[in-house]
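Novice: fold the following and give me the result.
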Amino acid sequence: SWTDAAAGSDLSYQTSATSYSARWRGFSDPHSDYIRYRVCLGTAPGLADVRDWEDTGELMELDVLQDLEVAVGTVVYATVEGRNDKDVRANATSDGIIMGSYAPEFVYVEVREPGVAGHDHYV
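Specialist: Alright, predicted model coming up:
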């Protein structure tokens with residue numbers, strides 16, 4: 001899972017365009033002594049054009065604080081590679097986060113069905 005470090009929840013938007021935090025659940029292999037991870041950040045899944053591959057060892061997290069340079073509104077993806085002690089590898093990629101942006105806020109919704117009386121406005 002890709003999460004906000006403080007809130008522990010998956011985000012689609014974040015206000016910072018210079019920081020990024022990712023957390024993921026470990027890959028599983030009952031026949032290996034260990035699994036090590038590396039992660040990159042990119043503008044497409046698997047691409048390392050925002051931040052090159054970084055080895056995190058057995059840690060399942062990455063924090064890049066005030067170190068990124070991306071345009072506001074850029075979607076950034078984290079790709080994690082898990083590698084076991086036999087050098088078998090598997091990758092997973094986040095669903096992306098829009099950098100430097102607030103989530104849309106709905107403040108008014110109008111629902112109407114022609115010819116039906118009743119409540120049709122919600123705030």
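Novice: tell me which stretches of this protein form strands.
Specialist: Applying DSSP state E to the chain gives strands spanning 13-14, 20-23, 35-42, 51-57, 61-64, 75-84, 89-93, 97-99, 109-110, 121-122.
Novice: and the second one, what does it pack onto?
Specialist: Taking 3 or more Cβ pairs under 8 Å, 6 or more residues apart in numbering; DSSP states H and E as contact, the helices and strands that strand 20-23 lies on are strand 61-64, strand 75-84. C-beta here means a position set from N, CA and C on the backbone, and glycine is covered the same way.
Novice: among those, show me which one is buried the most.
Specialist: Ranked by average neighbour count under the criterion mean count of other Cβ atoms under 10 Å, the helices and strands packed on strand 20-23 are headed by strand 75-84 at a mean of 20.
Novice: what's in contact with that strand?
Specialist: Contacts with strand 75-84, where a contact means Cβ atoms under 8 Å, 6 or more residues apart in numbering, come from 2, 20, 22, 24, 26-27, 29, 31-32, 34-48, 50, 53, 62, 68, 70, 89-99.
Novice: now, of those, which are buried?
Specialist: Burial by neighbour count, 16 or more other Cβ atoms under 10 Å: within the contacts of strand 75-84 this picks out 2, 20, 22, 24, 27, 29, 35, 37-43, 50, 62, 68, 70, 92-94, 96-99.
Novice: circling back: now the strands of the chain in a markdown table, please, with extra columns for mean pLDDT.
Specialist: Below are those laid out as a markdown table (pLDDT from 0 to 100):
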| stretch | mean pLDDT |
| --- | --- |
| strand 13-14 | 88 |
| strand 20-23 | 89 |
| strand 35-42 | 95 |
| strand 51-57 | 94 |
| strand 61-64 | 88 |
| strand 75-84 | 94 |
| strand 89-93 | 93 |
| strand 97-99 | 93 |
| strand 109-110 | 71 |
| strand 121-122 | 50 |
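Novice: skip the chain neighbours and tell me the closest residue to Val50.
Specialist: When the adjacent residues along the chain are set aside, Val50 lies closest to Leu41, with 4.1 Å between them (Cβ to Cβ, 6 or more residues apart in numbering).
Novice: so who does that neighbour touch?
Specialist: Neighbours of Leu41 in contact, by Cβ under 8 Å, 6+ apart: Tyr20, Ala48, Val50, Arg51, Val64, Leu68, Val76, Tyr77, Ala78, Thr79.
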